[in-house]
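Enquirer: 3D model of this:
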Amino acid sequence: MKLHFYKFQGAGNDFIIVDGRNLEFQLSEREINFLCHRRFGIGADGLMILGSDPEMDFTMRYYNSDGKEGSMCGNGGRCLVACAARLGISPRAGSFVFSAIDGIHQAEIIGDQGSEFQIRLGMNNVDTIDFYGKDGYYLNTGSPHLVLFDTDIARMDVSERGAFWRNHPDFAPQGTNVNFVEVASHGGLFVRTFERGVEDETLACGTGVTAAAIAAYVHAANRQMKPSEGSSTYAIRTPGGHLQVSFKSLGMQFYDVQLTGPAKFVFEGEIQL
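Expert: Next up, the predicted model:
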């Protein structure tokens, strides 16, 4: 059988997207793994199926490149919004509303250059952040993330060190995504991420940079969070491009979390399964 697909990338984090609204068959774990394979298939960090729901503009199902269904993917969510717009889906109430594995999300297209969009995606609130070691933090931004602050991370072997923490017994049995973060002199962040399911470094991770920004806020406060309300915005550089994370905070609670960045159409085609 032939499968029609779309390829999108957000800051180098790349995805295969299938319009599943009228899809008459289900993709197996083996087929998804094949499609994401960079030598034998199309090649991608993950695959998403855009579905329908009478109460939503669309639905999102995300699968890691290993073929298993994954948790929330922030860059993937932005790319799915861009694909929805390309497919002619219009938001019913000004901004797109879609459901994912971690709940309901809203997203706005704030820039449109034809094949590349700038998209602001609403992420889940974060009510819990755990301290881990001297300079580590563990939190869930739709996916679980360990955030570790370090220096000179451009020279770091992220594949080796990331695999160690991803499989550490402290995070068993599900494991964790791992983010290495360097704070720049101007206050921005440089983030490199090891993603579970991909089992390697990816060029960017949306839930990862969101976790990094929130952890950086706590880290800058020397872990002494006062119950005062404020707004923060972080410019974040990843190996694949630039993203922005903003949020409001009240003590150790973080809400109105927004992930902003590019979502670019790469190509579309058909593949024989």
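Enquirer: Report all helices and strands that the helix or strand hosting Gly261 contacts.
Expert: Using DSSP states H and E, Gly261 maps to strand 253-272. Applying 3 or more Cβ pairs under 8 Å, 6 or more residues apart in numbering; DSSP states H and E, one finds that strand 253-272 makes contact with strand 2-10, helix 74-86, strand 116-122, helix 206-220, strand 241-250. (C-beta placed from N, C-alpha, C; glycine too.)
Enquirer: Can you show me the CA trace of it as CSV?
Expert: Extracted in CSV, the C-alpha atoms of strand 253-272 (Å, rounded to 0.1, in the frame of the first residue of the first chain):
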residue,chain,number,x,y,z
GLN,A,253,4.2,27.1,40.0
PHE,A,254,4.6,28.0,36.3
TYR,A,255,1.7,28.8,34.0
ASP,A,256,0.8,30.5,30.7
VAL,A,257,3.9,28.6,29.3
GLN,A,258,4.5,29.4,25.6
LEU,A,259,7.0,27.9,23.2
THR,A,260,7.6,30.0,20.1
GLY,A,261,9.7,29.0,17.1
PRO,A,262,9.8,28.0,13.4
ALA,A,263,8.0,25.2,11.6
LYS,A,264,9.1,24.6,8.1
PHE,A,265,7.6,22.5,5.3
VAL,A,266,10.4,20.4,3.7
PHE,A,267,8.6,18.2,1.2
GLU,A,268,5.7,15.7,0.6
GLY,A,269,5.5,12.5,-1.2
GLU,A,270,4.4,8.9,-1.3
ILE,A,271,6.1,5.8,0.0
GLN,A,272,5.3,2.1,-0.5
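Enquirer: what residue ranges in the chain score low on pLDDT?
Expert: Scanning the chain with the threshold set as pLDDT under 70 gives 223-228.
Enquirer: still on that earlier bit, adding distance to Asp130 and mean neighbour count as columns, could you present the helices and strands packed on strand 253-272 in JSON lines?
Expert: Shown next, in JSON lines, are those (distance: least, Cβ to Cβ, whole Å; neighbours: other Cβ atoms under 10 Å):
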{"stretch": "strand 2-10", "distance to Asp130": "28", "mean neighbour count": "20"}
{"stretch": "helix 74-86", "distance to Asp130": "20", "mean neighbour count": "27"}
{"stretch": "strand 116-122", "distance to Asp130": "24", "mean neighbour count": "21"}
{"stretch": "helix 206-220", "distance to Asp130": "10", "mean neighbour count": "26"}
{"stretch": "strand 241-250", "distance to Asp130": "16", "mean neighbour count": "20"}
